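Enquirer: Here is my input, please return the structure:
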Amino acid sequence: MYLRKTAALLTSVLMLTALTACGSSGDKNGGKDGEYVLKIGEAQGALCHAPLQVAMENGYLDEAGIKWERVDFGKGDIQAALGAGTIDCGFGLVGKFVQPIDNGLNMVVTAGMHTGCTKLLVKSDSGIKTLDDLKGKKIGVSSLAGSECVTAKRALHEAGFDISAESKDVEFLVFGVTDQPQALQNGAVDAICTPDPVATQAEKEFGLDVLLDTAVTEPYASEYCCVTFVSKELAEQHPDVAAKFTDACLKASAWVAEHPDETAKLQVEKEYVSGDPAANAEILKSYQFIPSVKGGQEALTNVSRDLKTIGMLQDSTDPDELATRSFKKFEGVPDSYKTEDGKLVAVE
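Expert: Down below sits the predicted model:
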């Protein structure tokens with residue numbers, strides 16, 4: 001396996017150095033696809049990144065003939081790393097990418113990987129039973145620009161809330177993901193919108209009520225939350241590498257669907273996530289790992305339209321045009337894969 005773990009310290013100084021010293025992703029290794037070393041960004045603790053982790057660990061990238069290295073971020077800003085050229089590609093929640101793309105981030109989405117992975121939780125004795133009951137309340141999120149905040153804003157807007165910064169309908173407060181359950185217990189917030197595995201772990205440990213679960217609550221349950229992405233430079237200058245990366249992740253997602261227990265065990269053994277593999281496997285089983293290129297494009301379009309409606313995009317932005325220019329379908333990559341008789345079969 002061609003694998004070299006690198007630690008990326010995402011300070012502005014180092015990212016500026018990477019950008020000025022290395023140039024764009026297209027400049028590395030003479031511009032030849034066969035020589036190019038793909039820099040794959042990965043954040044620690046991301047249970048739902050299972051397809052990307054499996055693509056790296058189970059050999060799907062190697063089988064495609066890609067030379068690659070994994071760039072670990074801990075809790076770093078993957079969008080900033082992409083913009084600085086520290087990475088070429090990665091995996092993440094589509095909700096947190098749309099606004100940065102609108103502001104000029106050099107990213108294109110390439111496929112949808114799965115549904116689910118975010119929950120809006122309240123204490124069982126809070127008296128809050130529906131989204132309407134959150135009027136005037138405080139919600140804890142990891143970032144005001146993060147996907148969890150975007151999900152909450154989309155749902156609350158649909159429920160009739162004014163979620164503009166000037167509104168008093170609801171207030172969003174920032175806490176680290178692992179700090180959110182305690183903030184809820186201490187009364188610092190009235191609800192938290194947070195990703196798995198923290199969401200499900202907190203739900204069980206504290207007996208929390210679920211107001212929204214993107215794995216089961218429509219329309220989010222039918223919408224891909226996590227997607228693969230590549231830089232515009234990679235898509236334009238090394239399209240074959242970008243296509244092979246996308247294809248490998250599609251295959252890996254289909255494999256995860258059939259092997260959630262093995263996936264959860266691999267994630268813990270390879271130190272991508274912590275926790276009990278059996279418990280993590282149950283969370284993975286609640287998602288729909290049915291990868292789809294078309295599904296990724298549809299999710300990008302849906303989120304872009306919603307963010308335009310609720311005022312999170314620039315006034316001049318056409319959401320459909322944004323979704324069109326920030327999505328890339330590569331020739332030779334099928335829409336999906338499924339398992340038949342123990343083998344992965346392409347689905348067009």
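
Enquirer: Count the neighbours of residue 338 for me.
Expert: Residues within reach of residue 338, counting by other Cβ atoms under 10 Å, total 14. Where you see a C-beta, it was placed from the backbone N, CA and C, and this is true even at glycine.

Enquirer: ok, now how distant is it from residue 251?
Expert: Distance from residue 338 to residue 251, counting by Cβ to Cβ, to the nearest Å: 10 Å.

Enquirer: likewise residue 191?
Expert: Going from residue 191 to residue 251 by Cβ to Cβ gives 38 Å.

Enquirer: which of the two has more neighbours?
Expert: Comparing residue 191 with residue 251 by other Cβ under 10 Å, the one with more neighbours is residue 191, at 27 against 24.

Enquirer: does the more buried one really touch residue 134, like I thought?
Expert: Yes: Residue 191 lies in contact with residue 134 (Cβ atoms under 8 Å); the separation is 6.1 Å.

Enquirer: Identify the contacts common to the two.
Expert: 128, 211 (Cβ atoms under 8 Å, 6 or more residues apart in numbering).

Enquirer: so who does the closest residue to residue 304 other than its chain neighbours touch?
Expert: Nearest residue to residue 304, sequence neighbours excluded (Cβ to Cβ, 6 or more residues apart in numbering): residue 319, at 3.9 Å. Residues near residue 319 by Cβ under 8 Å, 6+ apart: 301, 304, 305, 307, 308, 313.

Enquirer: Can you name the two of those that sit furthest apart?
Expert: 301 and 313 (12.9 Å; Cβ to Cβ).

Enquirer: of these two, who's got more company?
Expert: Comparing residue 301 with residue 313 by other Cβ under 10 Å, the one with more neighbours is residue 313, at 21 against 17.

Enquirer: Could you check the pLDDT of that one?
Expert: Note for residue 313: predicted pLDDT of 95.

Enquirer: And residue 164, by the same measure?
Expert: Residue 164 is given a pLDDT of 88.

Enquirer: That one: which element?
Expert: Per DSSP states H and E, residue 164 falls between elements, in no helix or strand.

Enquirer: got any residues that touch both of residue 338 and residue 251?
Expert: Residues touching both residue 338 and residue 251 by Cβ under 8 Å, 6+ apart: residue 344.

Enquirer: Go ahead and confirm residue 89 touches residue 245.
Expert: Yes: counting by Cβ under 8 Å, residue 245 is a contact partner of residue 89 at 5.5 Å.

Enquirer: which of the two has more neighbours?
Expert: Remark: of residue 89 and residue 245, residue 245 carries more neighbours, 31 against 26, as counted by other Cβ under 10 Å.

Enquirer: Show me which positions of the helix or strand where that one lies end up buried.
Expert: For residue 245, the element it lies in under DSSP H and E is helix 239-258. By neighbour count with 16 or more other Cβ atoms under 10 Å, helix 239-258 contains the buried residues 239-257.

Enquirer: picking that back up, what's the overlap in contacts for residue 89 and residue 245?
Expert: Residues within reach of residue 89 and of residue 245 at once, by Cβ under 8 Å, 6+ apart, are 38, 40, 228, 230.

Enquirer: what's the weakest-modelled helix or strand in the chain?
Expert: Counting by mean pLDDT, DSSP states H and E, the weakest-scoring helix or strand in the chain turns out to be helix 12-22, with a mean of 37.

Enquirer: re the thing from before, can you tell me which of the contacts of residue 319 comes closest to residue 195?
Expert: Within the contacts of residue 319, the smallest distance to residue 195 is 18.8 Å, found for residue 307 (Cβ to Cβ).

Enquirer: now the helices for this structure?
Expert: Under the criterion DSSP state H, the chain contains helices at 12-22, 50-57, 60-63, 78-84, 98-102, 147-158, 180-186, 198-206, 232-237, 239-258, 260-269, 277-285, 293-309, 319-325.
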